[in-house]
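[1] model the following, please.
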Amino acid sequence: MLLNLTAQRLTKYTMKRIIYSYTFTLLMVLIAGCKISKDVVTPKVQLPESFRGVEGTKAPDSSSIAEIGWKKFFTDDNLQKLIDTAIIRNYDMQIAVKNIDQATLLFKQVKWNYVPALALNVTASSSRPSDNSLTGLSIAQYGIGKKHVEDYSADLSLSWEADIWGKIRNQGKAAFAAYLQSAEAKKAVQTNLVTMVSQGYYNLLMLDAQLAISNKNVKLNDSTLRIIRLQYDAGQVTSLAVQQAEAQKLAAAALVPLFEKNIAIQENALSVLTSSLPDRVSRNASLDAILLPVYLPTGLPSAIVSRRPDVKTAELALLVANGRVGISKAEMYPSLQITAEGGVNSFKASNWFNIPASLFGVVAGGLVQPLLNHKVLKTEYQIAKLDRDKTVLQFRQTVLNAVGEVSDALVSIDKLRSQQAIAASRVTALHAATRNANLLFKNGMATYLEVITAQSNVLQSELELASIKRDELSAVADLYRALGGGWN
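    A predicted model of the protein is given here:
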């Protein structure tokens, strides 16, 4: 009785020592674990006070066209229908949505890394040991009376790794940042899609205008050709005048099928963007009917970091890289693993579930420190740090590209407006010159070459004016995208 009491006290004392030892070790590990990984904050990038291209126009403020929803920015009804269809049906947009769904599942799955792994094991085995083996000799010694050994077991096993060094925490950070990246990637796809559809639509309106100009010029050349033929019949001009007038008419007529071809190709491109079969695109507006505001507020350059999806994606990439650095560094340190197993075990099937005689339980805990593969883990850690450094540089480059794109669009809009004013004045002057040339030619005071030259100049100037107008509209759409508009 006394020996049993002493043994029980000794067992309790030993267990307390073990528990205190594990507790102290775990506490020290947790304290040290707080210092093994340090996140790198988002670097500050040098940004100008205002974009190049807005100097001398108006002092920059916080307002920006990027804050305007695309339906309010692009007011043409047919264009809105095209953009809306593209956002819903475009395959790139659908792929971006699927990427968000994948990232969501991965993020939810990472949360389960904190939960212990639990498994149900049911095994039954029968073995015939050698008579000369330890097991065979034991069977013979104890006179069990059979040559084989049976074992039946049913148990629940549990294993859990303590997140001492923040490995699971960093996995969660990386997964959450990846989820946010997928959401920003979807915004980037939509922003580019809105810009591509609007620019394609504007190009279609330009081609419509150029086709109308060519048809009008063909009719004008036909009228001139009839007059020259009448003069030829009257002996006032030679056959050379007729031939040159016919050549001028054919040159203008050759532009008609060219523009018709380009119109069909542009319509097909817009259909593909909306994930539709190639077909005609509805439109009832003219190129000249599309009006733009004189002042296009850009806001402050610092707002690009939070507004542009590609810049935000690059910023989130730094969080992912930080998480990978923490994970790779945690792999180099000891891992605390706790396992437990309990169930029923018996050498006879008839006693398998004999409770409580067949019950058993095992609890174990240990620290595992990588040794031979430490160099490999260290190399992976160093590579992760270099990847993080690269991510910082990529973020800076993305911001720089964004500022450059805004400045390019602003300069383009400003210079295209100047070009348009000059081209419009040139068209007006050439129209007047063509009218005068026709009047003088009918009265015999101008040659046919002067009339042909005037008509050719009008054709080219009107086609150029339509092209400049289209370029200005495309530049405005590009400015809207560059500032981060189009996804709201």
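
[2] now P370. Nearest residue, chain neighbours left out?
    Among residues not flanking P370 along the chain, L377 sits closest, at 5.9 Å (CB to CB, 6 or more residues apart in numbering). C-beta coordinates here come from the backbone N, C-alpha and C atoms, glycine included.

[3] same check, this time on A253
    A253 sits nearest to V218 (CB to CB, 6+ apart), 5.1 Å away.

[4] what strand or helix carries the one you found?
    For V218, the enclosing helix or strand under DSSP states H and E is helix 167-233.

[5] same for that helix, what does it pack against?
    On a contact count with 3 or more CB pairs under 8 Å, 6 or more residues apart in numbering; DSSP states H and E, helix 167-233 meets helix 77-89, helix 91-111, helix 239-273, helix 309-330, helix 374-442, helix 448-482.

[6] that helix - what's its average pLDDT?
    What helix 167-233 shows for mean pLDDT is 89.

[7] related to what we said a few turns ago, in a markdown table: the helices and strands packed on helix 167-233, plus mean neighbour count.
    Listed next are those as a markdown table, based on neighbours: other CB atoms under 10 Å:
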| stretch | mean neighbour count |
| --- | --- |
| helix 77-89 | 18 |
| helix 91-111 | 15 |
| helix 239-273 | 16 |
| helix 309-330 | 22 |
| helix 374-442 | 16 |
| helix 448-482 | 21 |
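
[8] I'd like those helices as TSV, with distance to S159 and mean pLDDT appended.
    Listed next are the helices and strands packed on helix 167-233 as TSV, based on distance: least, CB to CB, whole Å; pLDDT from 0 to 100:
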stretch	distance to S159	mean pLDDT
helix 77-89	47	94
helix 91-111	18	88
helix 239-273	52	91
helix 309-330	18	89
helix 374-442	21	90
helix 448-482	51	91
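
[9] got TSV for those helices, with distance to K147 too?
    Below are the helices and strands packed on helix 167-233 laid out as TSV (distance: least, CB to CB, whole Å):
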stretch	distance to K147
helix 77-89	73
helix 91-111	50
helix 239-273	77
helix 309-330	52
helix 374-442	49
helix 448-482	82
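
[10] quick one: which of those helices is nearest K187?
    Among the helices and strands packed on helix 167-233, the nearest to K187 by CB to CB is helix 309-330 (3.9 Å).

[11] from the middle of its chain, how far away would the next helix or strand after that closest one be?
    Following helix 309-330 in sequence order, the next helix or strand is strand 335-346 (DSSP H and E). How far strand 335-346 lies from its chain's middle: 46 Å, per CA atoms, centre = their mean, to the nearest Å.

[12] kindly report the same for stretch 206-215.
    So, by CA atoms, centre = their mean, the centroid of stretch 206-215 is 37 Å from its chain's centroid.

[13] again, but for stretch 232-245
    From the chain centre to the centre of stretch 232-245 is a distance of 64 Å (CA atoms, centre = their mean).

[14] if we can go back for a sec, and the residue nearest to A253, what does it touch?
    For V218, the contacting residues are K249, A252, A253, V256, by CB atoms under 8 Å, 6 or more residues apart in numbering.

[15] picking up where we left off before, ok, the residue nearest to P370 - contacts?
    Per CB under 8 Å, 6+ apart, neighbours of L377: S328, E331, M332, P370.

[16] residue closest to the middle of the chain?
    The centre of the chain sits closest to A185, judged by CA atoms, centre = their mean, with a distance of 2.5 Å.

[17] buried set for stretch 120-140?
    Within stretch 120-140, the residues that qualify as buried are I139, counting by 16 or more other CB atoms under 10 Å.

[18] what mean pLDDT does that stretch have?
    Computed over stretch 120-140, the average pLDDT equals 79.

[19] cool, stretch 280-292 as well?
    Averaged over stretch 280-292, pLDDT sits at 88.

[20] ok, back up a step: what is the nearest of the contacts of L377 to K348?
    For these, the nearest to K348 is P370 (43.1 Å; CB to CB).

[21] how far away is that closest one from M93?
    As judged by CB to CB, to the nearest Å, P370 and M93 stand 45 Å apart.

[22] am I right that S125 falls within a strand?
    Yes. Under DSSP: H, G, I helix; E, B strand; the rest coil, S125 sits within a strand.

[23] please shift the residue numbers so they start at 559 in all later answers.
    All right, first residue 559 from here; so that's S683.

[24] got the contact list for A1012?
    Taking CB under 8 Å, 6+ apart, we find A1012 in contact with L988, A991, T992, A995.

[25] adding distance to I1026, write the residues you listed out as CSV.
    Putting the contacts of A1012 into CSV (distance: CB to CB, whole Å) gives the following:
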residue, distance to I1026
L988, 15
A991, 20
T992, 20
A995, 25
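
[26] widest-spaced pair of those?
    Pairwise distances across the contacts of A1012 (CB to CB) peak at 9.9 Å, for the pair L988 and A995.

[27] ok, back up a step: selecting buried members of the contacts of L935 in PyMOL, what would you type?
    Typed into PyMOL, the line below selects the buried ones among the contacts of L935, using 16+ other CB under 10 Å:
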select buried, resi 886+889+890
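
[28] ok, the contacts of L935 vs I641, which is closest?
    Using CB to CB, S886 is the member of the contacts of L935 that sits closest to I641, with 43.7 Å.

[29] so that closest one sits against E938, correct?
    Yes. Between S886 and E938 there is a contact under CB atoms under 8 Å: 4.9 Å.
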